[in-house]
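Undergrad: Predicted model and sequence below, questions to follow.
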Amino acid sequence: MIVFENVHKTYKSGVDALRGIDFEIKDGEFVFIIGKSGSGKSTLMKCITCEEVPTEGNVYIDDFNISSMSRALVPVLRRQIGMIYQDFRLIETKTVFENIAFAGEIIGIPRKSLTQTVQLVLNIVGLKDKADAYPQELSGGEQQRVAIARAMVNNPKLIVADEPTGNLDPETSENIMAILQEINRSGSTVVVCTHDSNLVDRMKKRVIEIDAGLIARDEEDSKYEQEKKPEEKEFSGYGVENAGVAFGDDPNFEGDADYSDNFDDENYEVPAPAEFFFGETPPEVIEEAKAKAEAEAAAAAAQAEAEEAEKAEVAEETEADEEVKEEVSEAESEPAKTADIVFNDEDKKPAEEVKAEEESVSEEDEEDDKGDDWIEELSLNDIDLDIQEDDD
Ligand code: ADP
Ligand code: MG
């Protein structure tokens with residue numbers, strides 16, 4: 001189970017990518033996170049995989065608060081999550097088989113059962129004939145299927161995919177989604193983020209829509225269908241007992257607006273939900289948040305401008321009055337005479353303290369890099385493994 005509790009993420013640059021996200025995803029669900037580019041989807045996904053830490057709020061996986069756990073546990077968490085990305089992230093110098101096996105090697109699956117597992121997942125994604133091919137010999141769709149097989153090799157309870165079809169044509173995208181759906185049917189929770197709303201409409205799954213870092217819609221499709229079709233007629237099958245029902249006809253079909261025939265309709269828009277479900281943010285609140293962000297940006301720009309103008313004015317005045325300038329520079333060059341003065345001057349810190357602070361900042365930066373480059377870290381381990389093999 002994944003729980004987001006009032007999750008905010010403000011990047012160091014000051015961008016508020018998430019502004020208070022609440023939702024709960026139960027084990028075995030298939031959930032789409034949709035939203036325009038820049039709405040915060042990837043940031044949300046990264047809060048699940050611990051690639052980013054929320055600045056406020058909590059993220060729980062199985063009642064375990066991952067937003068405040070020690071960094072040492074991050075690899076342990078990631079071993080239980082299958083991750084799939086838009087750019088596949090395969091190792092170019094390894095074959096399909098090796099790419100998938102590698103993910104199992106690093107968590108210590110014994111070689112013999114690993115070979116079997118790799119063959120199994122390759123079968124599931126329909127690539128058993130491509131085991132010895134290298135990534136650059138495959139189409140985009142095939143590469144993504146390898147990435148899915150790799151994500152499955154550890155039999156994770158949770159699969160997260162960030163724009164898995166972003167580089168693929170519509171037909172291949174459907175194929176990839178069908179595989180993800182199949183994985184979900186076999187028990188894994190699947191969370192997919194995408195901006196492709198056409199694809200999402202067809203899948204009839206729960207949809208959480210993000211707009212400007214807030215939840216604009218959280219629509220449980222099964223709930224939607226139950227509400228619209230309260231009394232289903234019993235359907236005992238086609239044939240002579242059901243004379244009058246032509247083969248292929250469904251007696252429950254009602255030729256009304258609920259029936260989704262939008263399969264090929266590019267202009268089809270999902271009707272606005274009649275009421276808001278738990279966790280949703282009303283559109284006017286989102287608009288307000290957007291307006292506020294714009295106003296804040298404008299105010300910051302105006303202030304910066306005013307400060308510039310003030311600086312220029314001061315410079316002019318100083319130039320005009322040579323005497324004043326001299327006095328100021330004299331005063332500045334005089335060393336501070338009493339402990340009080342130094343204490344009150346917040347800008348003046350002892351040299352050791354400044355140095356220690358700088359060091360801790362650069363350490364933080366390094367930590368961040370590690371978070372982003374975990375794939376590269378794996379490649380380095382890989383070199384070690386290869387050397388060991390040669391020694392044997
Ligand atoms: P999406 O995946 O929906 O396109 P993102 O989560 O990538 O959205 O981005 C949401 C907002 O956060 C955007 O304004 C983006 O520019 C900003 N953002 C994303 N990543 C970073 C980062 N590492 N540092 C600063 N700002 C970021
Ligand atoms: Mg993104």
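TA: Looks like it came in fine. Ligands and ions are numbered 1, 2, ... in the order given.
Undergrad: hmm, stretch 147-162 in reach of ligand 2?
TA: No - Stretch 147-162 does not reach ligand 2 (C-beta under 5 Å from the ion); its nearest approach is 6.0 Å. (C-beta placed from N, C-alpha, C; glycine too.)
Undergrad: Is ligand 1 within reach of that stretch?
TA: No - Stretch 147-162 does not reach ligand 1 (C-beta under 6 Å from any ligand atom); its nearest approach is 7.3 Å.
Undergrad: If I follow the layout properly, A293 ends up in contact with L214?
TA: No - look at A293 against L214 with C-beta atoms under 8 Å: they stay out of range, at 11.1 Å.
Undergrad: and these two? which has more neighbours close in?
TA: More neighbours surround L214 than the other of A293 and L214, with 24 against 15 (other C-beta atoms under 10 Å).
Undergrad: got the phi/psi numbers for the more buried one?
TA: phi -130, psi 160 (degrees, to the nearest 10).
Undergrad: That one pairs with what?
TA: D211 (DSSP bridges).
Undergrad: need the contact list for it.
TA: By C-beta atoms under 8 Å, 6 or more residues apart in numbering, the contact list for L214 reads R19, G20, I21, T281, V285, I286, A289.
Undergrad: From F97, how far out is it?
TA: 44 Å (C-beta to C-beta, to the nearest Å).
Undergrad: And the pLDDT for V270?
TA: Model confidence at V270, given as pLDDT, is 46.
Undergrad: Also E317?
TA: Per the predicted model, pLDDT is 74 at E317.
Undergrad: by contact count, what packs against the helix or strand hosting it?
TA: According to DSSP states H and E, E317 maps onto helix 283-320. On a contact count with 3 or more C-beta pairs under 8 Å, 6 or more residues apart in numbering; DSSP states H and E, helix 283-320 meets strand 214-219, helix 322-333.
Undergrad: Give me the pLDDT for I106.
TA: I106 is assigned 85 on the pLDDT scale.
Undergrad: Now do the helices in the stretch 151-300 of the chain.
TA: If DSSP state H, counting those that start in this stretch is used as the criterion, the helices of the stretch 151-300 of the chain fall at 170-185, 197-203, 221-228, 283-320.
Undergrad: Give me the contacts around the first one.
TA: When you say that, I think you mean helix 170-185. 28-30, 124-125, 139-141, 144-145, 148, 152, 159, 161, 164-165, 168, 190, 192, 196, 198-199, 202-203.
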